[in-house]
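Asker: Please find the sequence and the predicted model below.
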Amino acid sequence: MFFCCTIDEHRVYIHKEGGIIIKITIFENEFLHAEYIERAVREVEHPLVSFEVVVVQDFTSYLKSLQESAISDFDIFLIDIDLNFYFNGIEIASILRNYNQQCFIIFVTGDPSKALSSINSGTLPTDYIIKEDFHSETVKERIKNTISQIIQKQVQPMFVKEIVYLNISSNSEKMNISSINYIASIPNNRYSATLRTQTSNLIINTSLGKLKKKLATYSNFVILKSYIINLYNVASISTYEEKVFFTNGDYIILNPRTLKKIDVARKAGEPSDAS
């Protein structure tokens, strides 16, 4: 159950239990490619977002049934350019743009030469992904990272507006918690900690213990022995590589037991002390 509302002048769909609903629609005429894209999309997770994934089977019926109210400002479309259809992918993107100027369009195609055409079409694509080897992890990670970046940069700031004050240098600096990736202990230094944001590395002149107490009231932080991790900015967790990847490409290495605890807290969307 969901309802439509306007937040910061954006038309969005909200789940009755809270959180935003984003529909991800895939236009791909090759079955195996569509299946691959769908698997990649379904691996993306975020505690603020519920995803509804649709693979369009009948392009004509879909376009005929389009209504302006059916597309929210944060809906995402992954479109192949060469669809072997009456319309190509760029033309379909143009039709979608007529219904919504804010939604996100990602072209996924095997033809690098079409990039300029897509840019000049006025469809304002968010990304252009080349499917050179559709069985490689590179294409999958690019799809996942692009969607994660959309959520982190466009969607999350609407819902995460809390401010925390941290002692950086000799000042108390105001920090939006949505910009924080993690805070880490510093070896042989009990009185300071490292702050890694989406764009910079900083030193906080406060012990990790005190920071844990300060941030424990925020449901998006998971508290570990040597880290405080912002779950909102976690893009993926790889138990094989023993890494937590963040939406800006950063990562940290943790043991499998700790990774499992982070994953459980992330899926639960509740406060957790994993230390």
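Answerer: Thanks, I have it. Numbering: from 1, shown residues only.

Asker: Quick check: next helix or strand after the host helix or strand of Lys214?
Answerer: Using DSSP states H and E, Lys214 maps to helix 208-215. Going down the chain from helix 208-215, the next helix or strand is strand 221-223, by DSSP H and E.

Asker: what about the strands in the stretch 1-150 of the chain?
Answerer: Assigned by DSSP state E, counting those that start in this stretch, the strands in the stretch 1-150 of the chain fall at 2-7, 10-15, 20-27, 49-55, 76-79, 104-109, 127-130.

Asker: Between the ones you listed, which one is closest to Thr146.
Answerer: Smallest distance to Thr146 across the strands of the stretch 1-150 of the chain (Cβ to Cβ): 4.5 Å, for strand 127-130. Glycine gets a C-beta too; all of them are placed from N, C-alpha and C.

Asker: May I see the buried residues of that closest one?
Answerer: Across strand 127-130, burial judged by 16 or more other Cβ atoms under 10 Å covers Asp127, Tyr128, Ile129, Ile130.

Asker: now for that strand, which elements pack on it?
Answerer: Counting by 3 or more Cβ pairs under 8 Å, 6 or more residues apart in numbering; DSSP states H and E, the packing neighbours recorded for strand 127-130 are strand 104-109, helix 115-120, helix 137-150.

Asker: could these be laid out in TSV, adding mean neighbour count, mean pLDDT and distance to Tyr86?
Answerer: Output for the helices and strands packed on strand 127-130, formatted as TSV (neighbours: other Cβ atoms under 10 Å; pLDDT from 0 to 100; distance: least, Cβ to Cβ, whole Å):
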stretch	mean neighbour count	mean pLDDT	distance to Tyr86
strand 104-109	24	92	18
helix 115-120	14	66	18
helix 137-150	19	88	26
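
Asker: now those in TSV, with distance to Gln156?
Answerer: Below are the helices and strands packed on strand 127-130 laid out as TSV (distance: least, Cβ to Cβ, whole Å):
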stretch	distance to Gln156
strand 104-109	14
helix 115-120	26
helix 137-150	10
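
Asker: Among those, which comes closest to Ala265?
Answerer: The closest of the helices and strands packed on strand 127-130 to Ala265 is helix 137-150. By Cβ to Cβ, the value is 17.8 Å.
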